[in-house]
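Trainee: this one's sequence-less:
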C-alpha cells in the first residue's frame, strides 16, 4: 500500500474521530470482542476453540502447538494485567468505527488512488477507548507492509 494512501487513512481516522466524538452512541452498541477491554476473554475463547478443533482433527497441529499458544497467551495476559488494566479507567472513551481499513474505504475517482471519498461498514462500531481507531487502522495498514513498524 502506498505511503500517501496510508497517510490519508490516518487523516480519515482523525476526521472520523472528530465527527463521532460528539455523538451519543446508539443504545444497541454493546461490547465488541476486539475491544482491548475484552482481550483476555477473546483470547481465552479462541484458545478453547483451537484446542477443540485440534482435538477433533479439524485443525492441523498438535497438543504441543496448542500448549505453545497457551504459554504465549499467558505472557499476553500478564502484560495486560501489569501494563494495560491499571490504565484503562483513565483513558477517554468515545464512539469508534472499530474496523477502519482499506477494504472499508472508497478511494478516489479516476486515477486518484489516494483520496478517500467514503467509509463503509459501521457494523463493528462500539463505544471504546478513543485510541482504538488509529490503533486499528494502523494494525490493518501494517499487514500490507514488509516493515510493519514503518506503516
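Mentor: In hand now; what should we look at? Since the structure is predicted, the reported quantities are computational estimates derived from the model, not experimental observations. Numbers count the residues shown, from 1 in each chain.

Trainee: show me where the chain has strands.
Mentor: Ranges of strands within the chain are 93-96, 105-107, 116-119, 126-129, based on DSSP state E.

Trainee: These: which one's closest to residue 77?
Mentor: Smallest distance to residue 77 across the strands of the chain (CB to CB): 18.5 Å, for strand 126-129. The C-beta positions use only the backbone N, C-alpha and C, and glycine is treated the same way.

Trainee: The closest one - contacts with which helices or strands?
Mentor: Applying 3 or more CB pairs under 8 Å, 6 or more residues apart in numbering; DSSP states H and E, one finds that strand 126-129 contacts strand 93-96.

Trainee: now do 10 Å
Mentor: strand 93-96, helix 132-142 (3 or more CB pairs under 10 Å, 6 or more residues apart in numbering; DSSP states H and E).

Trainee: could I get the strands of the chain as CSV with mean pLDDT, mean neighbour count and distance to residue 36?
Mentor: Below are these laid out as CSV (pLDDT from 0 to 100; neighbours: other CB atoms under 10 Å; distance: least, CB to CB, whole Å):
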stretch, mean pLDDT, mean neighbour count, distance to residue 36
strand 93-96, 85, 22, 11
strand 105-107, 87, 15, 23
strand 116-119, 88, 13, 22
strand 126-129, 84, 22, 6
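
Trainee: As a markdown table, these with distance to residue 82 would be great.
Mentor: Shown next, in a markdown table, are the strands of the chain (distance: least, CB to CB, whole Å):
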| stretch | distance to residue 82 |
| --- | --- |
| strand 93-96 | 22 |
| strand 105-107 | 36 |
| strand 116-119 | 35 |
| strand 126-129 | 18 |
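
Trainee: Out of those strands, which is closest to residue 58?
Mentor: Taking the strands of the chain one by one with CB to CB, strand 126-129 is closest: 30.5 Å.

Trainee: now that closest one, how far from the centre of its chain.
Mentor: Offset of strand 126-129 from its chain centre (CA atoms, centre = their mean, to the nearest Å): 11 Å.

Trainee: my read: residue 67 touches residue 50, true?
Mentor: No. Between residue 67 and residue 50 no contact is recorded; they are 11.0 Å apart, counting by CB atoms under 10 Å.

Trainee: where among the helices and strands packed on strand 126-129 is the average confidence lowest?
Mentor: In terms of mean pLDDT, the lowest-scoring of those is helix 132-142 (a mean of 80).
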